[in-house]
Structures are given as structure tokens and as C-alpha cells.
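*Asks:* The following comprises the amino acid sequence and a computationally predicted model.
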Amino acid sequence: MNDSSLIDELPGELLMWVLIISELLVFGAGLIAFMGVRLTDPTGFAEAQSHLYRTGAAFNTAVLVTSGYLAAQALHWRRTNFRLKARLALLCAAALGIVFLIIKGVEYTGKAAQGITYETHPFFLFYYLLTGFHAAHVLAGVAVLLLITWRDDPNNIEAGAQFWHMVDLVWIMLFPVIYLLG
Amino acid sequence: MRSVSSRVKCGRRRRHDPLTCAWLGLLALSLTSALLTLLHSPQLVAAGVLALALIKARVILAQYLDLARRPRWLRGFTMVLTIFSVLIFGLYLV
């Protein structure tokens, strides 16, 4: 099979896959840089990591994978003409995205209350940079989910859900590195 | 498009579609990941949580992003993510 047919195999819009791969590379590079800088002060990184709200972050993993499930089901339901069901699933997916952001906000507020900023330690510079950039994607994803709830053409839902799964995928790789590898 | 005929059995009593199986699997893997952190060996925890993250990423790619029926793309993504995980684990061990 030639290269063009390989590209044609991808579900949905090619540009959405370009975006997904680009985002994965950007976050992957950020996480590798994080692990590289950690080599200069592993003890300091472990100590800094102990201040993180791991339970909330683990709960957020469940929130995002559930939200991704609803977005994926919405596409299936829309294609099988369960339009209302699809719209409700997308609304619930967006609501779970907001739950994720609220938990993230509680986490950031807790850090601020402890006087922890991005200047406290290089660990927190990466922590705020990577989790903040991801949270910005979650915010954008919520907006996209609401948009495709309104303009619920199956192609729109497919593209929007793919963006949301990318956000999910990034979190799945980001969570263990930032929160668990002490 | 997924059809009703594509539904598979992933439980003993109830029938679920592949997406539901994937979601339940992801929740189970996340719980396992949380339980792994209770172990006392940091290296074992690191290897375990990275391996579980890799499996979860593959499930999302295969089922949520629908690459299960595009095995070459799924293999490609899995290979890159595996290299990434090995690199992260290597940097952790240094």
C-alpha cells in the first residue's frame, strides 16, 4: 500500500491528526525536558512533588476518561440517529471537563496558599507550565464540546471528539510523570 | 461506524459495546495505577505506572480515537509512545 492510502486510512480530518500528533510531540518534549532538568536535583524534585495533590489528580484521570467515553459515545449515537442522546452525552462530557478544571483550580489555589509559585523550584516551573498548558487545552476542549453540541453534524462531532481525546491522551502521559515519578 | 453487531461481551452477565469495555478498562487501569503507588520500591512504582499509562494511551487510541481498525497507525503510535516511556524511565533511573 502506498503512503497516500496509509494517510487515507486515518478516521476523520487529516488536519485534526496533524494537530493531535503536534500536541503529543510538544507535551512529550516538555516531559522529556522536565525529566532532564530533574537529573540536576532529584531530591529537590521529589520533595517538591510531595506537595502535589495526587488524589485530586488521580480523580481527574477518571473524570477525563469518563468524559472521553461520553464524547466517543456521542459520535456513535449521532451516527445511529440518536441525536438527543448524542447532544446530552456531549453536554455531560463538557460538564466533566468543567469538573476537571474546578479540581485543577482547587489544586492551584492550594499551592498559592502555601506560597508555592513557579519561582519556588524548577519543578514547579514545569508543573505550572505543563499542567497549565494542558488546562488551557481542557478549557478550549469544553468550548469545542459545547460548539459541537449546538452544531451537531456527525463530522463536527468526530473532529471535536478527536480534539477531546487528544486532551485525554496528553493527561494520561502527563499525570504519571509529573505526579508519580518521585 | 460502529454497529450494534459490533457489540462484544466484556462481562459475565451483561453485554457492552467496545467503547464501554474500553472505559471500564481505563478506570480499572487508573485504579491499579493508584494502588501501585502504595508499593515501597520507587523503581517498581515508576515502571508500573509508566507501563499502565502506555496501556491506557493505547486503549484511548484504539477505541476512543478509533484506530483499532487501522492497525498500522495503532502500531506506529504505540511504538512512538513506547520509546517515549522507555526514555522517561531511563531518565528516571539515571
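*Replies:* That came through fine. Bear in mind that the values here come from a model prediction, so they are computed numbers and not experimental data.
*Asks:* Contact distance from chain A - what residues of chain B qualify?
*Replies:* B:1-2, B:17, B:19-20, B:22-23, B:26-27, B:30, B:33-34, B:37, B:42, B:45-46, B:49-50, B:52-53, B:56-57, B:60-61, B:63-67, B:70, B:72-73, B:81, B:84, B:87-88, B:91-92, B:94 (CB under 8 Å from any CB of the partner chain). Placement of C-beta: from N, CA and C, glycine included.
*Asks:* Which among these count as buried?
*Replies:* B:2, B:17, B:19-20, B:22-23, B:26-27, B:30, B:33-34, B:37, B:45-46, B:49-50, B:52-53, B:56-57, B:60-61, B:63-67, B:70, B:73, B:81, B:84, B:88, B:91-92 (16 or more other CB atoms under 10 Å in any protein chain shown).
*Asks:* Near residue A:134, how many residues? Count them for me, please.
*Replies:* By other CB atoms under 10 Å in any protein chain shown, the residues close to residue A:134 number 21.
*Asks:* from what I can see it touches residue A:175, true?
*Replies:* No - using CB atoms under 8 Å as the test, residue A:134 is too far from residue A:175 to be in contact (9.6 Å).
*Asks:* Show me whatever sits in contact with both of the two.
*Replies:* Counting by CB atoms under 8 Å, 6 or more residues apart in numbering or on different chains, residue A:134 and residue A:175 have no contacts in common.
*Asks:* contacting residues around the residue lying closest to residue A:93 once chain neighbours are set aside?
*Replies:* Using CB to CB, 6 or more residues apart in numbering or on different chains and skipping the chain neighbours, the partner closest in space to residue A:93 is residue A:70 (4.1 Å). Counting by CB under 8 Å, 6+ apart, residue A:70 touches A:89, A:90, A:92, A:93, A:96.
*Asks:* Relative to the whole chain's centre, how far out is the host helix or strand of the second one?
*Replies:* To tie it back to what came earlier, the one meant is residue A:90. Taking DSSP states H and E as the criterion, residue A:90 maps to helix A:83-113. Put simply, helix A:83-113 sits 11 Å off its chain's centre (CA atoms, centre = their mean, to the nearest Å).
*Asks:* Could you do stretch A:139-147 as well?
*Replies:* Per CA atoms, centre = their mean, the centroid offset for stretch A:139-147 relative to its chain is 12 Å.
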